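Engineer: Everything below, folded, please.
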Amino acid sequence: MMAHSRRSFLIGSTAGIAGLGSLGSVPGAFGATAKEKRDNKLQKLVEERIAPFRGEAGAYVRHLSSGKAAMVREDELFPTASMIKVAIMLAIFDKIERGDLSYHQELKYTGEYTYQGMNDDILSRFQVGQTIRLSKLIMLMITISDNSASIWLQQLAGGGGRINEVLESYGFQAYRMNSRTTGREDAYAQYGWGQTSPREICRMLTLIREGKAVSPAASEEMYRVLTRIYWSGEALSSIPPYVQTASKQGAVNRSRSEVVLVNAPHGDYVFSVISRNQQDESWGNDNEGFVLLRDLSRIFWDYFEPKSRWRPAQKSWNWDR
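Structural biologist: Presented below is the predicted three-dimensional model:
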């Protein structure tokens, strides 16, 4: 089992899941986007960058309008770490759509779901009895990856079992919640809080982007939430700040992960990079997994936007402080 850190979290049957995706019965499908076509040049760039990585890394990238794609271990299982929080959000919006929850309803903080561990949580600093809107709780979970908010939202969504039912209803086969989920103890021991494949986590963001997750209105709001990410030092740092991105990150000692959908000038593209069993367990900016995320993100931007002259500005301050 992997230890937690700054972007990780530990989180623990309903009939008829509302808002089934129109492509839920076709695992791996990308809807209205172009048919997947492996791009040999891009494939070589991805394979060459992953080759020296000390551990196992998977990647999937796809340009949605052209279908150009490259992939390594795209259908293998990897730890999600905090990327599982996108699944929690999906299940919450499913409940909102059905009328079981209200997006801006007031919730009273009891301290019951406070995450115990080293983290930067804001919710855990609340006083018992304080109130917070559900919409703000979702923001804390996604934007800053607040672990206490995630535990609470998992409970509000109906628990890990229901979250997995929602995922299954959309045809996801790899993407699953493990923590605090009855029957998934073995999967939790192997992958931690959640598991996915690089391809499926990209499909999740693509469904939201295309308005096919829960409902068009719910998809739009989820996409807005995913564009407000505090953790911008890895994959996002290799994309111009004036280009919109929707993303989620995850990190534990031996795994680093990120999924990003980029609204690039010459067409959207989506990618994920996930590691497992990586040797470098440090937490500085130069961690080998973090560097891999930045490098592959840069490769993808340069490949799909070859005329871009943007380069990251040099920092005069210490990123790690």
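Engineer: This structure: strands as residue ranges?
Structural biologist: 37-38, 56-63, 68-72, 78-79, 106-108, 131-133, 176-177, 194-196, 245-252, 255-262, 269-276 (DSSP state E).
Engineer: count of residues packed around the nearest residue to Glu220 once chain neighbours are set aside?
Structural biologist: Nearest-residue entry for Glu220: Gly211, 6.9 Å, with adjacent residues in sequence omitted and distances by C-beta to C-beta, 6 or more residues apart in numbering. Just so you know, the C-beta spots here come from the backbone N, C-alpha and C atoms, and that holds for glycine as well. Counted with other C-beta atoms under 10 Å, residues neighbouring Gly211 total 18.
Engineer: Now for Ala34, how many residues are close by?
Structural biologist: Count around Ala34 with other C-beta under 10 Å applied: 15.
Engineer: so it touches Leu64, yeah?
Structural biologist: Yes. Here Ala34 reaches Leu64: they are 7.0 Å apart, a contact under C-beta atoms under 8 Å.
Engineer: next one: stretch 106-117 to chain centre, how far?
Structural biologist: Computed by C-alpha atoms, centre = their mean, to the nearest Å, the chain-centroid distance of stretch 106-117 equals 23 Å.
Engineer: quick one: contacts of it?
Structural biologist: 4, 9-10, 121, 123-124, 126-134, 137, 147-148, 150-152, 155 (C-beta atoms under 8 Å, 6 or more residues apart in numbering).
Engineer: Just the buried residues from these, in ChimeraX please.
Structural biologist: The buried residues among those can be selected in ChimeraX (16 or more other C-beta atoms under 10 Å) with this line:
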select :4,9,10,121,123,124,126,132,134,137,147,148,150,151,152,155
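Engineer: In helices, which of the contacts of stretch 106-117 fall?
Structural biologist: The members of the contacts of stretch 106-117 that map onto helices under DSSP state H are Leu134, Leu137, Asn147, Ser148, Ser150, Ile151, Trp152, Gln155.
Engineer: gap between the fifth one and Ser282?
Structural biologist: As judged by C-beta to C-beta, to the nearest Å, Ser150 and Ser282 stand 25 Å apart.
Engineer: Over to the third one?
Structural biologist: Computed with C-beta to C-beta, the distance linking Asn147 and Ser282 is 21 Å.
Engineer: before we move on, what about the first one?
Structural biologist: Distance from Leu134 to Ser282, counting by C-beta to C-beta: 37 Å.
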